[in-house]
Structures are given as structure tokens and as C-alpha cells.
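*Asks:* I need the structure of the sequence given here:
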Amino acid sequence: MRVPRSWLRELTGSSYVQFGKRQINLGSVATTAKKKYEKLLQEHGFSEPNKDVSVRELVTLFLKWSKEEHESDTTDWYGRFPNDFVDQYGRLLVSQLKPYMVNNSCCREMWTQSTRRCGII
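*Replies:* As a prediction, this is how the structure comes out:
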């Protein structure tokens, strides 16, 4: 699920956020609206990503989540992609990753464009 974004409704001068079909007025004062927005995100299970997690931990968490959410074939398919990447960058924190690291990892192999996309996502 995507993180809901807030927006400014110019007609009323108020910020809003939508969860499902419900639009919630966050108010017209920017600082108050931001605090309400952050509180609502936490209440609905959205929080800031933990940038202190290692690449290895993140991949492990993703595969665990995939196992719970998908058929085993899909999880096995996802599991094929990150092995070389984790071997090379697994000790780094997610905040230390650079785009070229992901691109180089995907381009080392003779992957097609669609396979590269799947490996990155």
C-alpha cells in the first residue's frame, strides 16, 4: 500500500489527506497540519522507514513479508534476485546505498530490461 500524501485544497486553504475513501481535513496552519498528518500516518500503520537497517536485514524482511503475502513460487522468484547484491552490499546500511550500486548489481549479469526492473523493485 502506498503512503497517502497530503494536499492543499486551494478553495478552502486547508490541507487534506485521504485514507481509503475518507478525506480528512488537516487544517489550514501548515505546522499543525503536518503534525496531524504524521500522527494519522502512525495511527494507520505508516511510519518513517528505518534507515539504520542493513541491506541484508531489509532483504530478509522483504522476503519474509513476501512469504506471508504471496504464493511460494512468487517468493522463490523474488529470492533469486538479491543474492549477489546482498553478498556485495549486505553490510551497508540502507542509508548508505547509492543508485549506482543497484544499477551495477543489475547490469553485471546479462539481464533484460524487464528482469532488471523486477530485480530492482
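
*Asks:* from here on, contacts and neighbour counts on C-alpha atoms
*Replies:* Noted.

*Asks:* walk me through the domains of this protein.
*Replies:* 7-43, 55-120 (automatic domain parsing).

*Asks:* can you give me the helices in this protein?
*Replies:* Assigned by DSSP state H, the chain shows helices spanning 30-43, 55-69, 72-80, 83-89, 99-108, 113-120.

*Asks:* can you redo those as a markdown table with mean pLDDT?
*Replies:* What follows is those, written out as a markdown table (pLDDT from 0 to 100):
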| stretch | mean pLDDT |
| --- | --- |
| helix 30-43 | 90 |
| helix 55-69 | 86 |
| helix 72-80 | 81 |
| helix 83-89 | 82 |
| helix 99-108 | 72 |
| helix 113-120 | 64 |
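
*Asks:* of these, which is nearest residue 13?
*Replies:* helix 30-43 (10.2 Å; CA to CA).

*Asks:* about what we covered before: dump the domains of the chain to a markdown table, plus mean neighbour count.
*Replies:* Shown next, in a markdown table, are those (neighbours: other CA atoms under 10 Å):
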| stretch | mean neighbour count |
| --- | --- |
| domain 7-43 | 14 |
| domain 55-120 | 14 |
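
*Asks:* which residues touch residue 77?
*Replies:* Applying CA atoms under 8 Å, 6 or more residues apart in numbering to residue 77 gives no contacts.

*Asks:* distance check, it against residue 89.
*Replies:* 20 Å (CA to CA, to the nearest Å).

*Asks:* residue 55 now?
*Replies:* Taking CA to CA as the criterion, residue 55 is separated from residue 89 by 7 Å.

*Asks:* check residue 83 too.
*Replies:* Distance from residue 83 to residue 89, by CA to CA: 10 Å.

*Asks:* circling back: just send the helices of the chain back as CSV, with distance to residue 9 too.
*Replies:* Formatted as CSV, the helices of the chain follow (distance: least, CA to CA, whole Å):
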stretch, distance to residue 9
helix 30-43, 12
helix 55-69, 36
helix 72-80, 40
helix 83-89, 43
helix 99-108, 35
helix 113-120, 35
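
*Asks:* I'd say residue 78 and residue 63 touch.
*Replies:* Yes - contact criterion CA atoms under 8 Å: residue 78 and residue 63 qualify, at 7.4 Å.
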